[in-house]
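In: Structural data only, the sequence is not supplied:
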């Protein structure tokens, strides 16, 4: 609908509501006069009832969720109350000419008390519910409208293609394993075809370990803090031996050893020295034995 059509529709609605208010205004004014309102109060009484109905209708168009439900309840309650009072005005002809007794809207006392309570409580309810609705409308913050997504249909289709939750699970076809026959091994006569094997020379594990490069800790550029003097209890009680003393102890310990037994590890354990000194002693002792064997020959 274009803008002109909307304007005409709203204008027609305003005219219909105004005429309906004029009809209801006459009945509500007479009811207000019957319950003790003066001329001015009876003139304003229809605005209290029907005016709050219009306010609640506007609030339902603005509010959402629980606030909108509250506005609808207020609208329904005041609509029912206005309908009841208009119905009573139509049943009691004396109300049209103000000839009814003051405070008398029905012949049956319980019905009369209920109608008087309804007519007199509507203004108080208008103050409470009207203030609440206005406060809700003023504090209402409409939700931000999301920005349109470009190519929304394509993105939706892409998500549907990517989603595989609803697709049936595929079952892999069984794989048939093929059996391959391996030929029997051919016997070989090791006595004739095998080459004679040479015995391997005995390798000293200590010498191999000495050849293997050892990892060296990286030097740190940070200055080390002084740890102080080593306490006397932590110092070694054995005096430091000179190379000649170590050589003499090694000669005495390995005097009865064969040449194959003279190794760095054996010397280190015998004289309890460092691996470097043990290697030096081994080389010296082997050299002395080689020199002694040459002289004797």
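Out: That came through fine. Just so you know, these numbers come straight off a predicted model, no measurement behind them. Numbering: from 1, shown residues only.
In: how about residue 105, secondary structure?
Out: Look at residue 105: counting by DSSP: H, G, I helix; E, B strand; the rest coil, its state is coil.
In: doesn't residue 92 make contact with it?
Out: Yes: in this structure, residue 105 is within contact of residue 92 by Cβ atoms under 8 Å, at 6.6 Å. Glycine gets a C-beta too; all of them are placed from N, C-alpha and C.
In: So which of those two has more stuff around it?
Out: Here residue 105 and residue 92 are compared on neighbour count by other Cβ atoms under 10 Å; more neighbours surround residue 105, at 24 against 19.
In: Excluding covalently adjacent residues, which one is nearest to that one?
Out: The spatial neighbour of residue 105 that comes closest, neighbours along the chain excluded (Cβ to Cβ, 6 or more residues apart in numbering), is residue 115 at 4.3 Å.
In: Let me know whether the one you found touches residue 91 as I believe.
Out: No: with contacts defined as Cβ under 8 Å, residue 115 does not count as touching residue 91, sitting 10.5 Å away.
In: okay, those two: which has more neighbours?
Out: Neighbours per residue (other Cβ under 10 Å) separate residue 115 from residue 91, with residue 115 holding more: 21 against 9.
In: name the helices or strands packed onto the helix or strand that contains residue 279?
Out: Per DSSP states H and E: residue 279 is located in helix 275-296. Of the remaining helices and strands, those touching helix 275-296 by 3 or more Cβ pairs under 8 Å, 6 or more residues apart in numbering; DSSP states H and E are helix 243-253, helix 264-271.
In: Packed most tightly, which of these would that be?
Out: Each of those was assessed for mean neighbour count using mean count of other Cβ atoms under 10 Å. The highest is helix 264-271, with a mean of 19.
In: Residue ranges in the stretch 101-250 of the chain under the pLDDT threshold?
Out: Scanning the stretch 101-250 of the chain with the threshold set as pLDDT under 70 gives 101-104, 106-107, 143-238.
In: Could you say which helix or strand holds the closest residue in space to residue 133 that isn't next to it in sequence?
Out: Residue nearest to residue 133 in three dimensions, not counting chain neighbours: residue 59, with 4.5 Å by Cβ to Cβ, 6+ apart. Assigned by DSSP H and E, residue 59 belongs to helix 39-62.
In: Tell me what angle whichever helix or strand comes after that helix forms with helix 39-62.
Out: From helix 39-62 onward toward the C-terminus, using DSSP H and E, the following helix or strand is helix 65-91. Orientation note: helix 65-91 sits at an angle of 140 degrees relative to helix 39-62 (axes from the mean of the first three to the mean of the last three Cα atoms, to 10 degrees).
In: elements contacting helix 65-91?
Out: Here helix 65-91 is seen to pack against helix 3-34, helix 39-62, helix 109-138 when contacts are counted using 3+ Cβ pairs under 8 Å, 6+ apart.
In: domains for this structure, by residue range?
Out: According to automatic domain parsing, the chain is divided into the following domains: 3-138, 243-297.
In: Count the residues that sit near residue 263.
Out: The number of residues near residue 263, taken as other Cβ under 10 Å, comes to 20.
In: do the same with residue 262
Out: Residue neighbour count, defined by other Cβ under 10 Å, stands at 18 for residue 262.
In: next one: phi and psi at it?
Out: Per-residue torsions, residue 262: phi -80, psi 90 (degrees, to the nearest 10).
In: do the same with residue 272
Out: Reported as degrees, to the nearest 10, the phi and psi values for residue 272 are phi 60, psi 70.
In: Would you mind measuring from it to residue 265?
Out: As judged by Cβ to Cβ, to the nearest Å, residue 272 and residue 265 stand 12 Å apart.
In: same question, residue 251
Out: If you measure residue 251 against residue 265 using Cβ to Cβ, the figure is 17 Å.
In: With residue 131 instead?
Out: Computed with Cβ to Cβ, the distance linking residue 131 and residue 265 is 103 Å.
In: cool, residue 38 as well?
Out: Shown here: residue 38 relative to residue 265, a distance of 127 Å by Cβ to Cβ.
In: same deal with residue 50?
Out: The span separating residue 50 from residue 265 equals 115 Å under the rule Cβ to Cβ.
In: Please apply the same query to residue 53.
Out: Residue 53 sits 110 Å away from residue 265, going by Cβ to Cβ.
In: rewinding a little: so which of the helices and strands packed on helix 65-91 has the densest surroundings on average?
Out: Using mean count of other Cβ under 10 Å, the stretch among these with the greatest mean number of neighbours is helix 39-62 (a mean of 17).
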